[in-house]
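**Student:** sequence-free structure coming up:
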């Protein structure tokens, strides 16, 4: 017998993420970032009155995009360079300041892009003029060639001049486009053919999560990997090494809908596993104090970005595709080995990262990429990433891993177990209330309790851990006849007192004994209401 859903699952809507202990939630490790970035984050958080999480993700994404065309990093386990691609996903409600922050942070990129577009327009106009002149000269040379042919004199000279002219046909200028907001996959591929180092930034990512582009994550995964991508355009086969990053900001309901409808494409494809995700629920942490002196940090950040963009543009027009290769110091390599072992332990069965194993397996790559970006953005000397930079980068990645654990908490074993516990707990309480009984047999739950097509809570293998959890948290007592027999369940009264059921001589002829749940070391306290029933 299944009681109405709203009866025995009354607490489920508030269940979401509550079992993540608030005391264990770490604040963003702002001190692990270079001053050029950390001061800009704090100044923006204060000036715009937004959470540090939104500002941090925005500035880290911006710094990553600025460094993307210039550097790559050699990982520990292979010698194949990895791009400095970092994907960011911010989930925050309306009015949280997503658009305000990202637009402000990216203004320097948009201004630079506008200047580049003007330069491109001038080059394109010159190309069209040169092409027109070239075509007219071609016609004249063709006439000369025909005359030489008909006269049978000077043909070789005319052919030589024509051949030289054909070899000097004006080439259409390529466009240094590195920033996108809303574009189809087909158009994106065409643009990336000219410049494969780019980013998709959107403060209103609802357009992406509801577009057809999201249904083909393969190209996005290749962009994160920095892998070759072959395609055919205008009848020509091309191969490019994609380096495509994301910074997406979306409202919770849009993201939840996307996850619900696209679990296989989103998580199963590895697309979301490549993101550094955060769900923002707090507000600005810096309410008091004078931070006006930090406003210059915004100028310092923008100036560094402009410096990197100018260098990237110069390399682009000079046809330089080689990037500065950064390596890890021996101490940083040893540290990464320790973190990898720690990660493997956390993703094991019952571990805190079990439900985000796919994301955790990418955390090492994200850490060295972030370290490479911090090294380069902060103008650290040489090509070797130090232990201290690697440690700082990993503190940031560990914070994002904790955030991912919260974002995808509903996929965790603990969340699903808590949901089952709540369902059985409410079923017991409602059964007692509806039938006016202060005691219920365990066997009754096994016969009539809640069951679903893919989750039968009547099974002993499911029910016993649930009852043990409820008993361990003192929400129920498990009792039986002193000499053994059927197990019964009682609830406390409104004062939280478990009244002695010994008056039920028909159930307990030899007296009552309470059954203590076995002590399980990994058992954690769930967020359960206190349901009562008075005898």
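**Tutor:** Okay, I see it. Everything numeric here is computed off the predicted structure, so don't read it as measured data.
**Student:** contacts only, for residue 229.
**Tutor:** By C-beta atoms under 8 Å, 6 or more residues apart in numbering, residue 229 lies in contact with 189, 219, 222, 239, 240, 241, 242. The C-beta positions use only the backbone N, C-alpha and C, and glycine is treated the same way.
**Student:** so of these, which ones are in strands?
**Tutor:** 239, 240, 241 (DSSP state E).
**Student:** neighbour count and pLDDT for the residues you listed - can I get that in TSV?
**Tutor:** Below are the ones in strands among the contacts of residue 229 laid out as TSV (neighbours: other C-beta atoms under 10 Å; pLDDT from 0 to 100):
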residue	neighbour count	pLDDT
239	9	81
240	17	85
241	17	87
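**Student:** those residues into CSV, with extra columns for distance to residue 454?
**Tutor:** As requested, those are exported to CSV (distance: C-beta to C-beta, whole Å):
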residue, distance to residue 454
239, 45
240, 44
241, 43
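**Student:** nearest to residue 113, of those?
**Tutor:** residue 240 (20.5 Å; C-beta to C-beta).
**Student:** and the residue located most distally from the centre of the chain, how far is that from residue 82?
**Tutor:** Centroid-distance maximum for the chain: residue 151 at 73.2 Å, with C-alpha atoms, centre = their mean. Using C-beta to C-beta, to the nearest Å, one gets 64 Å for the distance from residue 151 to residue 82.
**Student:** try residue 35
**Tutor:** According to C-beta to C-beta, residue 35 and residue 82 sit 26 Å apart.
**Student:** tell me which of the two has more neighbours.
**Tutor:** Set residue 35 next to residue 82 and count neighbours by other C-beta atoms under 10 Å: residue 82 wins out with 20 against 13.
**Student:** got a pLDDT number for that one?
**Tutor:** Note on residue 82: pLDDT of 95.
**Student:** next, the contact list for it, please.
**Tutor:** Applying C-beta under 8 Å, 6+ apart, we find residue 82 in contact with 72, 73, 74, 75, 225, 226, 365, 368, 369.
**Student:** at 7 Å what do you get?
**Tutor:** By C-beta atoms under 7 Å, 6 or more residues apart in numbering, the contact set of residue 82 is 72, 73, 75, 226, 365, 369.
**Student:** by neighbours, which of these wins?
**Tutor:** Going by other C-beta under 10 Å, residue 369 tops the contacts of residue 82 with 29 neighbours.
**Student:** tally of neighbours for residue 420?
**Tutor:** Residue 420, neighbours per other C-beta under 10 Å, totals 19.
**Student:** actually residue 467, not the one I wrote
**Tutor:** For residue 467, using other C-beta under 10 Å, the count is 22.
**Student:** name the SS class of the spatially closest residue to it that is not a sequence neighbour, please.
**Tutor:** Leaving aside its chain neighbours, residue 467 sits nearest to residue 478 (6.3 Å; criterion: C-beta to C-beta, 6 or more residues apart in numbering). With DSSP: H, G, I helix; E, B strand; the rest coil as the basis, residue 478 sits in strand.
**Student:** my read is that residue 478 contacts residue 472, right?
**Tutor:** No - the pair residue 478 / residue 472 is not scored as a contact, 10.3 Å apart, by C-beta atoms under 7 Å.
**Student:** now for residue 469: which residues touch it?
**Tutor:** 421, 523, 526.
**Student:** and the first one, which of the three is it?
**Tutor:** Read it as residue 421. Quick answer, by three-state DSSP: residue 421 is helix.
**Student:** ok so, going back, got CSV for the contacts of residue 469, with pLDDT and distance to residue 361 too?
**Tutor:** Shown next, in CSV, are the contacts of residue 469 (pLDDT from 0 to 100; distance: C-beta to C-beta, whole Å):
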residue, pLDDT, distance to residue 361
421, 95, 30
523, 76, 27
526, 85, 28
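**Student:** among these, which one lies nearest to residue 130?
**Tutor:** When those are ranked by distance to residue 130 (C-beta to C-beta), residue 526 comes first, at 72.9 Å.
**Student:** give me the neighbour count for that closest one.
**Tutor:** Other residues near residue 526 come to 21 when the count uses other C-beta under 10 Å.
**Student:** quick check: it vs residue 428, distance?
**Tutor:** 15 Å.
**Student:** fine by me, thanks again.
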